[in-house]
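Enquirer: The amino acid sequence is not available; the structure is as follows:
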């Protein structure tokens, strides 16, 4: 099968966790697609499978069943090593708790993915990205010196340095007050306009409803 | 930004914990470095001191060594004496260049808190003491005395011609020479003519021992063989003496070295624990790094480098402390070791430095493997999920 | 048996080494107080306690002492130890040990003096003098009692005893002079390190 149209194309995505003799279905047969430039939100209660789905499409976890393409690459059967490569080249992650390294400056934090990809030659780009996400000149500040909104901007900058095609955001605004929340969402919109596919998993229905498309999960299945 | 900088910054997160770990390794390294430097220096010191003796063989009367040891401890007296006939025998050996008889005895004055050692000698011995720098001259008559450098300092004697009196023996001497400090035990002795010493201690025509210089060092075994045939005598070669001393030191070294190795293993376990704890604390961060495209090898490398950097800093610190404390170690050793040579016993040697540094790096590498492995095994998904 | 012989030999070797390397007692021209627990109570029968006080001889003090003595200080006289003698809590006097060369070697004298710098008595802790016994005897010693720096018991600018004020021990002029000069030096140190210092 070819996947020219979609940034992600997933069919029958299933993830089973084994707990003793019991099988737990975190996802069962979810079909999921997203195109470049699209913002899709995933909503549902805790434990509904949101994060699992995000981890699946983010190549952080392997599928139990189903087929998944990231761009043109079928990733469902790939080994860990190749998954890292797919991840590095295609996907940027944004987390609710930012997970910045407290001892590194904003700039150094954003630089880390380049360090791992051995592409420090592109470090000039970081400044550009800082402008884009609205951090401007705050390159040399430590995360602890910044507020939540700015910390999330650093995390987004960090997600962007590898020039991914997809941004996966897990409750990106969960810890932010409404003004920052607004700004971050605005930033996502801008990124989508640049052609990135953006997936946001959230509890926040207000935020979710402003996405191009909303997927509701319940017990590991899509409901409409 | 380099990996190593990143690692360094990670270490600075919990400064106290890192500091304590670094200190514990550093202390072990300090002790290791000091010990190795000491052994090197001690060997050097002993060699140079024995070299300065100017003779290779000494013969002393055969006596009960136990009694001799106890007497020596309390006063430096060797109880038995040779008479001159032995000297004549020694002189007959063709390979002997010089045979110098000497008479050594001590006067102990506990109520004055001192022990004087009188060393009776003749020109033969004087010839062996080529390294002496004398202010003044060699003995002029039977009442002459040469003072060791320290002895002269204690007696505030700085000019030849000053007098010296041995109350116990009611004997007066005139100082003819004052020795510059030699760095050997000569510094503390009172040198008097052999005859005067024999008379003073009532042992006419008897000697405590004979120091022998052989024409060619390769002939020592031949001479020893012939000397051993002499009745009632014990032959001691300087290399034997040196060997015995070095053996004692080597035994002590083995003991201390094993204690240090244990200390280093313990501090390495401490380092392992520190890094492992910091890995657990950073589980989520590591997960995020993995999500951002870090491979297992990156995580492994990072944690390993952290341990290594810590070990390296400890090593440098430890050696630094050891270098600064060298003088102190020297003092302590000299206090503890009554047989220490008088020169420096602790010597700096670049090889020792490299050995210590290499060792601590090895410790860092080994201690880092497990935490690094654990960190690299963290699955990104699980790492992030722990909440 | 062989092993026994070997160990015997090692002990012998050690013996010789010990004989050669016998550690010497401490040396110093600046004199140490060798038997404080014996001599403090000999000089001060009423003493119950003592305390050492270490004084650095600064350049200025050194110059003053040398000017007063008319003789240079010894090169190692840079730090001096005095002993304060107590009866209960009351400070009753001072002790300072001092070494001078006599005729045959160093004489180490322990000086006892009052807080206002008057000699009480002394005792010799080490000497090599022929007349050591007499020098340390009561006849010579008692002449020093009550002397202070106002009395010229040492001839000015010399190390010679002033025979008009102190009668030297017979056949021991040099030893007597050394002791008298030691007294003067001790009191001089006391003056410039204690009395004329606030």
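Expert: Cool, the structure landed. Note that this is a predicted model, so its numbers are computed, not measured. Numbering: from 1, shown residues only, chains lettered A, B, ... in the order given.
Enquirer: any idea how far the residue in chain A positioned nearest to chain B is from residue B:350?
Expert: Closest approach of chain A to chain B (Cβ to the nearest Cβ) occurs at residue A:88, with a separation of 3.3 Å. For glycine as for every other residue, the C-beta is placed from the backbone atoms N, C-alpha and C. Distance of residue A:88 to residue B:350, given as Cβ to Cβ, to the nearest Å: 45 Å.
Enquirer: Those two: which is more packed in?
Expert: The neighbour count for residue A:88 versus residue B:350, taken as other Cβ atoms under 10 Å in any protein chain shown, is higher for residue A:88 (21 against 7).
Enquirer: What's the local residue count around the residue nearest to that one when sequence neighbours are not counted?
Expert: The spatial neighbour of residue A:88 that comes closest, neighbours along the chain excluded (Cβ to Cβ, 6 or more residues apart in numbering or on different chains), is residue B:293 at 3.3 Å. As a burial measure, the neighbour count of residue B:293 was computed by other Cβ under 10 Å and equals 27.
Enquirer: Report the contact partners of the residue of chain A at minimum distance from chain C.
Expert: For chain A and chain C, the shortest gap (Cβ to the nearest Cβ) falls at residue A:103, measuring 49.2 Å. Residues counted as contacts of residue A:103 (Cβ atoms under 8 Å, 6 or more residues apart in numbering or on different chains) are A:142, B:9, B:10, B:12, B:13.
Enquirer: which of those are buried?
Expert: B:9, B:10 (16 or more other Cβ atoms under 10 Å in any protein chain shown).
Enquirer: quick check, nearest of the contacts of residue A:103 to chain C?
Expert: Using Cβ to the nearest Cβ, the contacts of residue A:103 come closest to chain C at residue B:12, 43.4 Å.
Enquirer: How about the secondary structure of the closest residue to the closest one other than its chain neighbours?
Expert: Beyond its immediate neighbours in the sequence, the residue positioned closest to residue B:12 (Cβ to Cβ, 6+ apart) is residue A:103, lying 6.3 Å away. Local secondary structure at residue A:103 is given as coil here, using DSSP: H, G, I helix; E, B strand; the rest coil.
Enquirer: For residue B:376, see how far away residue A:103 is.
Expert: For residue A:103 relative to residue B:376 (Cβ to Cβ), the value is 20 Å.
Enquirer: what about the closest residue to residue B:39 other than its chain neighbours, how many residues close to it?
Expert: Nearest residue to residue B:39 in three dimensions, chain neighbours excluded: residue B:253, at 5.5 Å (Cβ to Cβ, 6+ apart). Residue B:253 is flanked by 17 other residues according to other Cβ under 10 Å.
Enquirer: and residue C:55, what helix or strand is that in?
Expert: In this structure, residue C:55 is located in strand C:49-56 according to DSSP states H and E.
Enquirer: For that strand, which strands pair with it and how are they oriented?
Expert: strand C:79-87 (antiparallel) (DSSP bridges).
Enquirer: what packs against the helix or strand just after the strand it pairs with?
Expert: Remark: after strand C:79-87, the chain's next helix or strand is strand C:90-101, criterion DSSP H and E. If contacts are counted by 3 or more Cβ pairs under 8 Å, 6 or more residues apart in numbering or on different chains; DSSP states H and E, strand C:90-101 sits against helix C:36-43, strand C:79-87, strand C:106-113, strand C:119-126, helix C:173-190.
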